[in-house]
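**Student:** using only what follows, build the 3D model:
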Amino acid sequence: MGSEGPKAVTIHVTGFKKFQGVAENPTETIVNNLKGYVKKRGLPAGVTLGSCTVLETAGDGALPMLCKVLESGISKLESNSMSNEQVVWLHLGVNSGAQKFAIERQAVNEATFRCPDELGWQPQHTPIVAEDGGTIRTRETCCSTEAIYKFLKKKGYEVAISDDAGRFVCNYVYYHSLRYAEEKGHKSLFVHVPLFTKIDEDTQMQFVASLLEAIASTC
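**Tutor:** Numbers count the residues shown, from 1 in each chain. Sure thing, here's the model as predicted:
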């Protein structure tokens, strides 16, 4: 039967383009180069890198694109009713003030943008999904953040677990993704990375490849 044996794991990855204050977003570079990097490095058996997509750094105006990305990533899976596959959405965002990587445990149902997004939207104290209730509602990842953290620490990376993904576009995307993942029986995780001036590009590429392994090992 399709439920027998260990699940194969497919991880879809997104990053963001530039935004106010960050002229070059490291997650755009990481996501654009990830397929080639993983092809050379390899992944554990049963783990597949799915789609790699760079999103506009925008909230409501970019929501149709986000939904399209989430839907397209599973169309093949849903066409196979016997599939024994775990789908994980990994979203990467930059924290320009950070010195280390941060695994985000949750997202909050609040959009309070410190500056206009790339499509000019700047909500304040606005519920991301109105039907979910007020702005204190949270959604938590079902990925094992503690196990992922320990895996990455053993690899020597400077990493922390965070309960605050901000209230800007990163949190906005994460909240929608967690909601979508819950509906579909998938998993979603957001990880903030520093600028390349804080942790160089090669180290960050290695980190994300190790992150894929960490996620797969906990599914």
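**Student:** tell me how far residue 163 lies from residue 141.
**Tutor:** To residue 141, residue 163 is 11 Å away according to Cβ to Cβ, to the nearest Å. Bear in mind the C-beta positions are built from the backbone N, C-alpha and C, glycine included.
**Student:** ditto for residue 64
**Tutor:** Taking Cβ to Cβ as the measure, residue 64 and residue 141 are separated by 24 Å.
**Student:** centre-most residue in the chain?
**Tutor:** In the chain, the residue lying closest to the centroid (Cα atoms, centre = their mean) is residue 91, at 1.4 Å.
**Student:** that one contacts residue 173, correct?
**Tutor:** Yes: the pair residue 91 and residue 173 qualifies as a contact (Cβ atoms under 8 Å) at a distance of 5.8 Å.
**Student:** between these two, which contacts overlap?
**Tutor:** Residues touching both residue 91 and residue 173 by Cβ atoms under 8 Å, 6 or more residues apart in numbering: 14, 190.
**Student:** let me see the contact set for residue 101.
**Tutor:** Contacts of residue 101 were listed using Cβ under 8 Å, 6+ apart, and they are 152, 157-160, 191-194, 199, 207.
**Student:** tell me the pLDDT of it.
**Tutor:** According to the prediction, residue 101 has pLDDT 98.
**Student:** same check, this time on the one 5 residues further on
**Tutor:** The per-residue pLDDT reported for residue 106 equals 98.
**Student:** thought it was touching residue 140?
**Tutor:** Yes: under the criterion of Cβ under 8 Å, residue 106 makes contact with residue 140 at 4.4 Å.
**Student:** which one's more surrounded, those two?
**Tutor:** Legend: neighbour count by other Cβ atoms under 10 Å for residue 106 and residue 140, higher for residue 106 (18 against 12).
**Student:** which residues touch that one?
**Tutor:** Listed by Cβ under 8 Å, 6+ apart, the contact partners of residue 106 are 138-141, 163, 165, 178.
**Student:** what distance separates the lengthiest helix in the chain from the centre of its chain?
**Tutor:** In terms of residue count, the longest helix belonging to the chain (DSSP state H) is helix 201-218. Distance, stretch centre to chain centre, for helix 201-218: 12 Å (Cα atoms, centre = their mean, to the nearest Å).
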